[in-house]
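1. I'll drop the sequence and a predicted model, then ask my questions.
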Amino acid sequence: MSLTLFLILCLNGLQYGLLLFLIAAGLTLVFGVMGFINLAHGVQYMVGAYLIFAFTALTGNFWIALLLSLITALLIGLILEYVVFRRLYARSHLDQVLATFGIIIFLNELAKVLFGPATLSIDTPELLSGSIQLTEQLRYPVYRLATIGVGLVVAVGLFLTISYTRTGMLIRAGSTTPEMVSALGVNIKQLFQIVFGVGAMLAGFAGVIAAPIFAIEPGMGDNILIIAFVVIIIGGVGSIGGAFVAAILVGLIDTLGRSLMTEFLGLLFNASMANQIGPALASMLIYILMAAILVFRPKGLLPAKGVA
Amino acid sequence: MMDRGALIGGMIFALLLAMPVLLPILGAGYLTGLLIKAMLLAIAAISLDLIIGHGGMVSLGHAAFIGVGAYATAIGLESGIEEILLLLVITLAVTGGIALITGMLALRTSGVYFLMITLAFGQMIYFTLTSLAAYGGDDGLTLWSLATLFGSDIVQEGEGLYFFVLAALFLSWFSVWRISQSRFGRVLRAARDNPQRAEVMGYPIVRYQLIAYVIAACIAGVSGLLLVQYAEFVSPSIAAWQRSGDLIVAVVLGGLGSRNGAILGAFFIVIMEEFLSSIFHEWRLIYGPLLVILVLYAKGGLNDLIHPKSREAS
């Protein structure tokens, strides 16, 4: 295997990891602050992808469509929070699972009805199409580099917001002792709503930037939701820093594993054996990592302070 | 209360026993297949109720064990093992073994972490099944030979299969009921309601929970075995996490930890799916919001059934 291929895989892994981070960040904040387990978070990712598809078709311009998609994703998140989720915060996790499962079923079917069951795709925006020469042999698509850049900017922005702003302070306080924060005169409901809306928008944003790379299809959010859970468990629930480290780790391991596992096993076993178990083992890698973390650091790599 | 549970249970089984005679008279013999499907779902739901209803462990990966059982059976059949009792032993050993390992890891945590981890392990099993290229991979595997009972093909189709599934349903129902009534079941509920208290009283609660988890997985595996026998086909989709969600819906609709609830819930789901999908192709547009409304507004919010206060403290 050449160094060039390895570099490309690393970049792909980084990009996948940052996408996972955008989804996991909202999920971990919503869970950390409200103790609310939102299975429908993955659906927000699908909603984002369909929104950019619809708005691009409508306006013909990726950038206007991007703006409209983000606003709509935020609105959908706020509406869902207002109509359904708000009533579930005080309920048991079982109730939360059931209700959000119902929302997944509904939105997946709605996407199928509105856009058809077939996979859809959109073009990369013109400004970011093409590829650039990184080293002598390595060309890499600009769009993918741009998603890496945007992902990093969002990660830094989130980290600064949580660590240094008043809202971030309230979010951290709210995740430890919501009653106390509320008693001090903070409108905790409004805080929940902000966190929820931003989380939904981030997941929608992940869907938007994934749309030109992956296929847009009903149910596309379900699998990525579960990977986001794995990310959260590895990173430590409620911790943005943990989510970031874990997301990059999972992105790299998954991407490298899928490409290199068969080759690696080929060194140990004969070729047909490697071809048999390579793909199976590759798809298990991140779960094995999760299991190892559970054994050695049950609270995750970088657990949030105060989260029991 | 106990007598009422036995009475309703008896009525359910008497009705199911009479169905193969009743349905042809009513001219609805084609419903036998639907009933078998409902019974298979009920077996898995009963097992899930042991860990959710009695154990308070919300697992979102239970359907994976149906998949493991089904694939253990299918792979056994493919390698020439045809005796159903032998396949049963294999199925129990494989599902039990996998449940033991994943359960030991998942039970290092509790509450919502347990939920996420069982979901992740379930998905891991699902993807492992899709990558079994030798056994059909994504597309699944059609079985050309089915299991026999002592060399006879009585359990392969028609009434023989129906009564065999019914017997399995009865055994699952009866054993989960006996387990829940035993000292073991009481410790399990004590651990659900207040883990610290149960621990202080000297019970190694994780060991109890792990045993319950393994038993539940084994019963779900049996449901997978019978599913192969009924459908003559196996594919990874039976292990998808959405199926685990359906199982939870069945358990909660029927009433957690109640004796007949899981059976009623499973039958309700299968019949409703059949009914809704026959009148409205996009029936999931109704089913989804229906779930939300049930959770939000059903009496006591479905919540009172599982003693939420002590659960949330844990």
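-> Everything's here; your move. Numbers count the residues shown, from 1 in each chain, chains lettered A, B, ... in the order given.

2. what does the stretch 201-308 of chain A put close to chain B?
-> For the stretch 201-308 of chain A, the contact set with chain B under CB under 8 Å from any CB of the partner chain comprises A:222-223, A:226, A:229-230, A:232-233, A:237, A:276, A:279-280, A:283-284, A:287, A:290-291, A:294-295, A:298. (C-beta placed from N, C-alpha, C; glycine too.)

3. any of those buried? List them.
-> Burial by neighbour count, judged by 16 or more other CB atoms under 10 Å in any protein chain shown, picks out A:222, A:226, A:229-230, A:232-233, A:237, A:276, A:279-280, A:283-284, A:287, A:290-291, A:294 from these.

4. so of those, which ones are in strands?
-> Counting by DSSP state E, no part of those is found in strands.

5. which one of those residues is nearest to A:Leu68?
-> Closest to A:Leu68 out of those is A:Asp222 (25.0 Å), distances taken as CB to CB.

6. quick one on the thing from earlier: pLDDT check: weakest of the buried ones among the residues of the stretch 201-308 of chain A next to chain B?
-> Lowest pLDDT of those: A:Gln276, 71.

7. my guess is that residue meets B:Tyr135, correct?
-> No - the criterion here is CB atoms under 8 Å, and A:Gln276 misses it with B:Tyr135 at 10.8 Å.

8. the residues of the stretch 201-308 of chain A next to chain B in helices, which ones?
-> Members of these lying in helices (criterion: DSSP state H): A:222-223, A:226, A:229-230, A:232-233, A:276, A:279-280, A:283-284, A:287, A:290-291, A:294-295.

9. before we move on, back to that, which two among the buried ones among the residues of the stretch 201-308 of chain A next to chain B are spaced furthest apart?
-> Within these (distances taken as CB to CB), the two that end up farthest apart are A:Val237 and A:Gln276, at 36.3 Å.

10. can you map out the helices along the stretch 151-300 of chain B?
-> B:158-181, B:183-193, B:195-200, B:205-231, B:241-254, B:261-279, B:284-297 (DSSP state H, counting those that start in this stretch).

11. roughly how far out does the first one sit from the chain middle?
-> Taking the mean of its C-alpha atoms, helix B:158-181 sits 12 Å from the chain's own mean (CA atoms, centre = their mean, to the nearest Å).

12. dump it to CSV, restricted to CA.
-> Provided in CSV are the C-alpha atoms of helix B:158-181 (Å, rounded to 0.1, in the frame of the first residue of the first chain):
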residue,chain,number,x,y,z
GLY,B,158,-49.2,-26.5,8.2
GLU,B,159,-50.7,-27.6,11.4
GLY,B,160,-47.7,-29.4,12.7
LEU,B,161,-45.6,-26.3,12.5
TYR,B,162,-48.5,-24.2,14.0
PHE,B,163,-48.8,-26.4,17.0
PHE,B,164,-45.0,-26.6,17.4
VAL,B,165,-44.8,-22.8,17.5
LEU,B,166,-47.8,-22.7,19.9
ALA,B,167,-46.0,-25.1,22.2
ALA,B,168,-42.9,-23.0,22.1
LEU,B,169,-45.0,-19.9,22.9
PHE,B,170,-46.6,-21.7,25.8
LEU,B,171,-43.2,-22.9,27.2
SER,B,172,-41.8,-19.3,26.9
TRP,B,173,-44.8,-17.8,28.5
PHE,B,174,-44.9,-20.4,31.3
SER,B,175,-41.1,-20.3,32.1
VAL,B,176,-40.9,-16.5,32.1
TRP,B,177,-43.9,-16.5,34.4
ARG,B,178,-42.4,-19.1,36.7
ILE,B,179,-39.1,-17.2,36.7
SER,B,180,-40.8,-13.9,37.6
GLN,B,181,-42.6,-15.6,40.5
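
13. phi, psi for the residue lying farthest from the centre of chain A please.
-> Within chain A, A:Asn270 marks the point farthest from the mean C-alpha position, 37.3 Å out by CA atoms, centre = their mean. Backbone dihedrals for A:Asn270, given as degrees, to the nearest 10, come out at phi -80, psi 170.

14. look up how far B:Val270 lies from it.
-> Distance, A:Asn270 to B:Val270, by CB to CB, to the nearest Å: 46 Å.

15. tell me which residue lies farthest from the centre of chain B.
-> The C-alpha centroid of chain B is most remote from B:Val200, which lies 32.1 Å away (CA atoms, centre = their mean).

16. which SS state does the closest residue to A:Pro212 other than its chain neighbours fall under?
-> Among residues not flanking A:Pro212 along the chain, A:Thr124 sits closest, at 4.4 Å (CB to CB, 6 or more residues apart in numbering or on different chains). At A:Thr124 the chain is in coil, as set by DSSP: H, G, I helix; E, B strand; the rest coil.

17. let me see the contact set for A:Thr124.
-> A:Pro141, A:Tyr143, A:Pro212 (CB atoms under 8 Å, 6 or more residues apart in numbering or on different chains).

18. from those, which land in helices?
-> Short answer: the contacts of A:Thr124 in helices (DSSP H) are A:Tyr143.

19. closest one to chain B out of the contacts of A:Thr124, please.
-> A:Pro212 (25.3 Å; CB to the nearest CB).

20. and the longest helix that chain A contains, what's buried?
-> If you go by DSSP H, chain A has its longest helix at helix A:3-34. Within helix A:3-34, the residues that qualify as buried are A:8-9, A:11-34, counting by 16+ other CB under 10 Å.
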